Structures are given as structure tokens and as C-alpha cells.
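Chemist: Model the following, please.
(2 chains)
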Amino acid sequence: VSAVDPCTAAEECLQPYLDRALSEEERATVERHLEGCAYCRKRYEFEVALRRVVRRCSCETPPPGLVERLRSRCRAHGA
Amino acid sequence: VAEPTNAPTESAARRTALDARDRARFEEEALSHAEQLYRVARRLGGSEPEGEELLQEAYLRAFRAWRSFTPGTNLAAWLATILRNVHLDSVRRRSRRPVTEPIDEKGDYYLYNRLAEEVPEPQEDVVERLSGEAIVESLAALPPVFREVVVLVDIGDFSYADAAEILGVPIGTVMSRLYRGRRLLKGSLAERHEEGAA
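Modeler: Residues are numbered from 1 along each chain as shown, chains lettered A, B, ... in the order given. This is a model prediction of the structure:
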């Protein structure tokens, strides 16, 4: 995380931070910044909320019997 | 006294039994990932029937090629790679239009700022005001190169490394496409939100 502009550095790291793709050291740096910066923390909370809503709206329960249909069709085709 | 003439038959029978056992194990493990892969197939296919058809074809190919899977490696990513290929084949059959990338992108925080203009705290409550329909449509409208990576990571729960393996690109490419895809998604949501508010 660059130390030139903490907010810019935190913004660059926000996506990988949310994706849990940062190193421990990078995570700690972002978390320290979020604790002390209300502006970045609001953006972080917005991203968290947005991802949750996108996921809830996009993740549908598989239709009933899906696994059995997969199994029987594959067996019927001799796979 | 052993009868040498029966040995090859017994050996072949043992091999067949072991093969059937390995095949059954593969089948069960592969089917345990069906729900995760359905989420991806559903969003790539665009509808429930198309999503299931993509998944059916992917599992059919996977079961036919099960011996080419290396035990101990990532089966979900292997299956998702096949699923993506099935999807690409389907798209190619239906259209030969070149994939174009959008030029006009709104900034990453455009949606945030747009919602912030309406209420002082544009967080959970405001995000909840985005309609499910707008979210699904915005995701479906993303250019394929960005949609597939957003679907794999945000809907399918695949890691950057898994997505890189599935898409056959470096992790850095996954990250940049993901960043841009999410940014486009937010831009599209902002537009739909504005249209809805107008």
C-alpha cells in the first residue's frame, strides 16, 4: 500500500480487500485506514452492501431435482 | 495351485472394479459442486432453462472426460472451465458478432455519489432500494469478457486464482477485468436508477 495518499492507496486496495486477496500486512494497513477515515469507511460499507444485494438478487436456488437430472442424463448418455 | 490361465481375467476384472469405484467417486464429488456451478451457469445462460442446459452439457462432457481430471487438483475449477467452454460454444453458435468493449464508463464511485445526492447516508438502506430486476439486467448487459469474471468471482465464489485458471488468463488480468466489470455494473445501475427516478 502506497503511503503517498492514504485514501488513494486504500481505494486501490478496496476491491482485493473485499475479495480477501491481500496479504496480512496489506489488510492491516487498509483496516487501519478505514478505522480512521470516515469517507473511505462509508465507501467500503457501500461496496459491502452493494455486493450483498447483487449476490442476493443473482444467486438463485437450483431447480428441484437438478442433481438427479444431471446424474441420470449423464448415465443415459453412457458418460 | 494357481491357474495361470485365469490370471489375466482376474486382473482385468479387478481393474474394471477399481475403475468403476473411481468413476463413482468422481461422479459424487463432481455433483457436490452442482449448486455452485448452477449459479454461474444461470447467469451465463440468462434464464433458468438455458442455465440448466449449459450445466447438463458441461457435466456430460466432464463425465465423458473424467479420466483427464487429475485427482487432488481443483475439481470445481476444472468443471467451471468446461462450463465456460460450453457457454462459449453456445454463444458462437448463436452469434458471430464481435465482442466489443464499452468506451463510455462512469467512474467507480458514480453510483455511490449519485445515491449520496439523494440521501445523506448512501449505504445499506439506499443500496437496498436498487431493484433486483435492475441488478439482474445490468449484470446480463455487461460485455461477456467482464460478465464472466464477475459471475465467477461474485456469484460463483471462485478465487482470483481459480478464475485465472478457468479463463486461461493471468491473475492480474482477472483483477483488472473484475475491477472494470464491477465498475461497469455500477455505472449501469446508476443509469437504471436515474431512469427509474425520472
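Chemist: Next, count neighbours for B:K186.
Modeler: B:K186 has 24 neighbours, counted by other CB atoms under 10 Å in any protein chain shown. All C-beta spots, glycine's among them, are computed from the backbone N, C-alpha and C.
Chemist: any idea which element it lies in?
Modeler: Using DSSP states H and E, B:K186 maps to helix B:171-197.
Chemist: That helix vs chain A: in contact?
Modeler: Yes: counting by CB under 8 Å from any CB of the partner chain, chain A has neighbours in helix B:171-197: B:M175, B:L178, B:Y179, B:R182, B:L185, B:K186.
Chemist: quick one: that helix to chain centroid distance?
Modeler: 17 Å (CA atoms, centre = their mean, to the nearest Å).
Chemist: Leaving out chain neighbours, which residue sits closest to B:L178?
Modeler: Nearest-residue entry for B:L178: B:V149, 5.1 Å, with adjacent residues in sequence omitted and distances by CB to CB, 6 or more residues apart in numbering or on different chains.
Chemist: Can you tell me how far the residue in chain B that chain A sits nearest to is from B:V153?
Modeler: Residue nearest to chain A within chain B: B:F63 (3.5 Å; CB to the nearest CB). With the distance defined as CB to CB, to the nearest Å, B:F63 ends up 26 Å from B:V153.
Chemist: Repeat that for B:G196.
Modeler: Using CB to CB, B:G196 is found at 27 Å from B:V153.
Chemist: Neighbour count: these two, which is higher?
Modeler: Comparing B:G196 with B:V153 by neighbour count (other CB under 10 Å), the higher total belongs to B:V153, at 22 against 12.
Chemist: What helix or strand is B:T81 located in?
Modeler: Going by DSSP H and E, B:T81 is part of helix B:75-94.
Chemist: Which secondary structure elements does that helix sit against?
Modeler: Applying 3 or more CB pairs under 8 Å, 6 or more residues apart in numbering or on different chains; DSSP states H and E, one finds that helix B:75-94 contacts helix B:7-31, helix B:34-45, helix B:48-64, helix B:144-150, helix B:160-167.
Chemist: Could you export those helices to CSV, including columns for mean neighbour count?
Modeler: Putting these into CSV (neighbours: other CB atoms under 10 Å in any protein chain shown) gives the following:
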stretch, mean neighbour count
helix B:7-31, 12
helix B:34-45, 23
helix B:48-64, 19
helix B:144-150, 21
helix B:160-167, 20
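Chemist: Quick one: closest of those helices to B:R192.
Modeler: Smallest distance to B:R192 across these (CB to CB): 16.1 Å, for helix B:144-150.
Chemist: rewinding a little: any chance of the helices and strands packed on helix B:75-94 in a markdown table with distance to B:H87 and mean pLDDT as columns?
Modeler: Formatted as a markdown table, the helices and strands packed on helix B:75-94 follow (distance: least, CB to CB, whole Å; pLDDT from 0 to 100):
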| stretch | distance to B:H87 | mean pLDDT |
| --- | --- | --- |
| helix B:7-31 | 18 | 83 |
| helix B:34-45 | 5 | 94 |
| helix B:48-64 | 6 | 94 |
| helix B:144-150 | 8 | 94 |
| helix B:160-167 | 11 | 96 |
